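**Q** next come a sequence and a model predicted from it.
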Amino acid sequence: MAKNEAMVKHLFGDDTDAAKTAFGNNSMFLSPQFKILAADVRDSTIIKDKLVNELGVDTSLPTLVLTECLLIYMKGEDSLGVLTWLRELFTGDIGVVNYEVINPDDPFGRTMVENLENRGC
Ligand SMILES: C[S@@+](CC[C@H](N)C(=O)[O-])C[C@H]1O[C@@H](n2cnc3c(N)ncnc32)[C@H](O)[C@@H]1O
C-alpha cells in the first residue's frame, strides 16, 4: 500500500485528495503532471471530444501511442477503427507501438488464447 501511495504521489504530485478521488464519479483524472481518461476506445466520437476539449490534448504535436494487450481484445474492424480515429485526430507525426502476445504456444500464450476464446474475441 505504501508503495502504491508513493507511486500515486510521484504521478499526481501533492494533490493526493484529487488522486484519492480519481475516477470517483468521473471518467478522468487530471493533474498538472498526468492525465488519465477512462473510455471505450472504440467510441471515437466521445474519446476524441474528451481528449481535445476536456484534456486539452494538442493534436498537432508529435504523439506516441502505446497499446499493450488491448487491440487483441477487439474485433478486427474495431482495432482498425481505433487506428483510423488516431490517424484522423493527430495531425502531426504519430507513432504507434503495439504489444500483443506473439507466441500462442508457450504457457502464457496458451492462457491468453484460452482467455480470448472464452471472451469470444
Ligand atoms: C490484458 S489488459 C492490458 C492491461 C494494460 N496494458 C495494463 O498494463 O494495465 C486488457 C485491457 O484492455 C482493456 N480494454 C479492452 N477493451 C477495451 C476498450 N474497448 N476500450 C478500452 N479499454 C479496453 C481492458 O479493460 C483491460 O484493462
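**A** Looks like it came in fine. Numbers count the residues shown, from 1 in each chain.
**Q** I'd like to know which helix or strand in this protein has the lowest mean pLDDT.
**A** helix 16-21 (a mean of 52; mean pLDDT, DSSP states H and E).
**Q** which bits of the chain sit near the ligand?
**A** Taking CB under 6 Å from any ligand atom, the part of the chain that reaches the ligand is made up of 40, 41, 42, 68, 69, 70, 73, 74. C-beta coordinates here come from the backbone N, C-alpha and C atoms, glycine included.
**Q** picking up where we left off before, right, and the helix or strand after the least confident helix or strand of the chain?
**A** Downstream of helix 16-21, the first helix or strand assigned by DSSP states H and E is strand 28-30.
**Q** can you list the strands that that next one pairs with?
**A** Each strand paired with strand 28-30, and its direction, by DSSP bridges: strand 35-37 (antiparallel).
**Q** and whatever helix or strand comes next after the strand it pairs with, average pLDDT?
**A** Proceeding N to C from strand 35-37, the next assigned helix or strand is helix 44-49, under DSSP H and E. The average pLDDT within helix 44-49 is 90.
**Q** not counting its neighbours along the chain, what's nearest the most centrally placed residue in the chain?
**A** By CA atoms, centre = their mean, the chain has its centre lying nearest to residue 67, at 6.7 Å. The shortest distance from residue 67 to any non-neighbouring residue, by CB to CB, 6 or more residues apart in numbering, is to residue 98 (4.8 Å).
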